[in-house]
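[1] Give me a model of this one.
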Amino acid sequence: MNKITLSIHLAVFMLGLIACSNQTDQVENNDQKVVNSNEQDKKIHVNKDVREVVWGQLSSEQKERIDGTWEFGKVSKIILNEDMMSLINDKTYDGKEVYLIDFPTKNKFIPNNMIVYADLKTFDYIGSGLVE
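    Numbering: from 1, shown residues only. So this is what the prediction gives:
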(Lines give C-alpha, C1' and ligand atoms only; values in the text may rest on other atoms or scores of the structure.)
Protein backbone atom coordinates (compact mmCIF):
# COMPACT_ATOMS: atom_id res chain seq x y z
CA MET A 1 0.00 0.00 0.00
CA ASN A 2 2.88 2.33 0.81
CA LYS A 3 4.42 1.78 -2.66
CA ILE A 4 1.13 2.62 -4.37
CA THR A 5 0.76 5.88 -2.45
CA LEU A 6 4.37 6.80 -3.20
CA SER A 7 3.84 6.04 -6.91
CA ILE A 8 0.71 8.21 -7.05
CA HIS A 9 2.48 11.12 -5.32
CA LEU A 10 5.44 10.81 -7.66
CA ALA A 11 3.17 10.78 -10.74
CA VAL A 12 1.29 13.89 -9.56
CA PHE A 13 4.57 15.65 -8.80
CA MET A 14 5.96 14.85 -12.27
CA LEU A 15 2.79 16.08 -13.97
CA GLY A 16 3.06 19.30 -11.98
CA LEU A 17 6.66 19.81 -13.10
CA ILE A 18 5.77 19.20 -16.73
CA ALA A 19 2.76 21.54 -16.60
CA CYS A 20 4.78 24.35 -15.02
CA SER A 21 7.79 24.13 -17.30
CA ASN A 22 8.56 27.27 -19.29
CA GLN A 23 9.45 26.26 -22.83
CA THR A 24 9.63 28.10 -26.14
CA ASP A 25 9.06 26.12 -29.32
CA GLN A 26 9.53 27.44 -32.82
CA VAL A 27 7.87 25.73 -35.75
CA GLU A 28 8.29 26.53 -39.44
CA ASN A 29 5.13 26.15 -41.54
CA ASN A 30 5.15 27.20 -45.20
CA ASP A 31 7.65 30.04 -44.66
CA GLN A 32 5.52 31.38 -41.80
CA LYS A 33 6.86 31.41 -38.31
CA VAL A 34 4.65 30.45 -35.39
CA VAL A 35 6.06 30.98 -31.91
CA ASN A 36 4.68 29.19 -28.87
CA SER A 37 5.77 30.71 -25.58
CA ASN A 38 4.65 30.80 -21.96
CA GLU A 39 6.77 33.90 -21.32
CA GLN A 40 4.49 36.87 -20.70
CA ASP A 41 7.19 39.52 -20.28
CA LYS A 42 8.61 39.23 -23.81
CA LYS A 43 6.97 40.79 -26.86
CA ILE A 44 6.34 37.50 -28.66
CA HIS A 45 3.03 36.83 -30.32
CA VAL A 46 1.73 33.45 -29.19
CA ASN A 47 0.36 31.30 -32.02
CA LYS A 48 0.07 34.32 -34.33
CA ASP A 49 0.95 34.54 -37.97
CA VAL A 50 3.52 37.25 -38.75
CA ARG A 51 1.28 38.48 -41.60
CA GLU A 52 -1.64 38.99 -39.22
CA VAL A 53 0.44 40.83 -36.61
CA VAL A 54 2.02 43.13 -39.20
CA TRP A 55 -1.39 43.73 -40.83
CA GLY A 56 -2.58 45.13 -37.50
CA GLN A 57 0.30 47.63 -37.53
CA LEU A 58 -0.35 48.96 -41.05
CA SER A 59 -2.05 52.30 -41.59
CA SER A 60 -5.58 52.40 -42.96
CA GLU A 61 -4.18 53.82 -46.24
CA GLN A 62 -1.84 50.85 -46.61
CA LYS A 63 -4.62 48.37 -45.86
CA GLU A 64 -6.84 50.10 -48.41
CA ARG A 65 -4.23 49.53 -51.15
CA ILE A 66 -3.95 45.78 -50.43
CA ASP A 67 -6.11 43.43 -52.49
CA GLY A 68 -7.58 41.10 -49.88
CA THR A 69 -6.55 40.62 -46.27
CA TRP A 70 -3.40 39.63 -44.39
CA GLU A 71 -3.92 36.03 -45.52
CA PHE A 72 -2.92 36.96 -49.10
CA GLY A 73 0.60 38.04 -48.08
CA LYS A 74 3.62 35.89 -48.91
CA VAL A 75 6.35 35.61 -46.28
CA SER A 76 10.07 35.18 -46.83
CA LYS A 77 13.25 36.05 -44.97
CA ILE A 78 15.89 38.42 -46.30
CA ILE A 79 18.91 40.32 -45.07
CA LEU A 80 18.31 44.05 -45.32
CA ASN A 81 20.98 46.16 -46.94
CA GLU A 82 21.41 49.89 -47.38
CA ASP A 83 19.83 49.90 -50.86
CA MET A 84 16.59 48.40 -49.51
CA MET A 85 16.27 50.80 -46.59
CA SER A 86 15.39 54.11 -48.26
CA LEU A 87 11.85 53.97 -46.77
CA ILE A 88 13.00 52.70 -43.35
CA ASN A 89 13.83 55.11 -40.53
CA ASP A 90 15.50 52.58 -38.18
CA LYS A 91 18.91 51.97 -39.76
CA THR A 92 19.91 49.43 -37.06
CA TYR A 93 18.37 46.71 -39.23
CA ASP A 94 21.07 47.16 -41.89
CA GLY A 95 22.69 43.74 -42.41
CA LYS A 96 20.11 41.94 -40.26
CA GLU A 97 17.72 39.15 -41.26
CA VAL A 98 14.06 40.21 -41.27
CA TYR A 99 10.72 39.05 -42.62
CA LEU A 100 9.66 40.34 -46.01
CA ILE A 101 5.91 40.24 -46.51
CA ASP A 102 4.70 40.74 -50.08
CA PHE A 103 1.06 41.84 -50.26
CA PRO A 104 -0.83 42.05 -53.58
CA THR A 105 -2.35 45.46 -54.30
CA LYS A 106 -5.43 46.60 -56.19
CA ASN A 107 -3.29 48.28 -58.87
CA LYS A 108 -4.05 47.14 -62.42
CA PHE A 109 -0.55 48.07 -63.56
CA ILE A 110 2.90 46.89 -62.49
CA PRO A 111 4.08 47.09 -59.74
CA ASN A 112 0.99 45.56 -58.24
CA ASN A 113 2.40 44.59 -54.87
CA MET A 114 3.44 46.19 -51.59
CA ILE A 115 6.46 45.00 -49.61
CA VAL A 116 6.76 45.45 -45.86
CA TYR A 117 9.48 44.35 -43.46
CA ALA A 118 9.03 42.96 -39.93
CA ASP A 119 11.35 42.02 -37.07
CA LEU A 120 11.99 38.26 -36.77
CA LYS A 121 11.42 38.03 -33.03
CA THR A 122 8.85 40.70 -32.18
CA PHE A 123 7.00 40.89 -35.53
CA ASP A 124 7.26 44.69 -35.27
CA TYR A 125 6.63 46.57 -38.51
CA ILE A 126 9.97 48.00 -39.64
CA GLY A 127 8.94 49.80 -42.80
CA SER A 128 8.02 49.46 -46.44
CA GLY A 129 10.19 48.21 -49.26
CA LEU A 130 10.68 49.51 -52.75
CA VAL A 131 8.92 47.67 -55.58
CA GLU A 132 9.97 47.63 -59.21
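[2] Name the spans of the chain whose pLDDT lies under the cut-off.
    1, 6-7, 9-46 (pLDDT under 70).
[3] can you rerun that using 90?
    Within the chain, the stretches with pLDDT under 90 are 1-48, 82-91, 108-111, 129-132.
[4] Do a quick rundown of the strands in it.
    Here the chain has its strands, by DSSP state E, at 24-29, 32-37, 74-79, 97-104, 113-118, 125-129.
[5] partner strands of the last one, parallel or antiparallel?
    So that's strand 125-129. strand 113-118 (antiparallel) (DSSP bridges).
[6] which residues sit against the strand it pairs with?
    For strand 113-118, contacts defined as Cβ atoms under 8 Å, 6 or more residues apart in numbering pick out 50, 53-54, 58, 62, 65-66, 80, 88, 93, 98-105, 124-131. For glycine as for every other residue, the C-beta is placed from the backbone atoms N, C-alpha and C.
[7] Equivalent analysis for stretch 78-90, please.
    Contacts of stretch 78-90 (Cβ under 8 Å, 6+ apart): 91, 93-98, 100, 117, 126-130.
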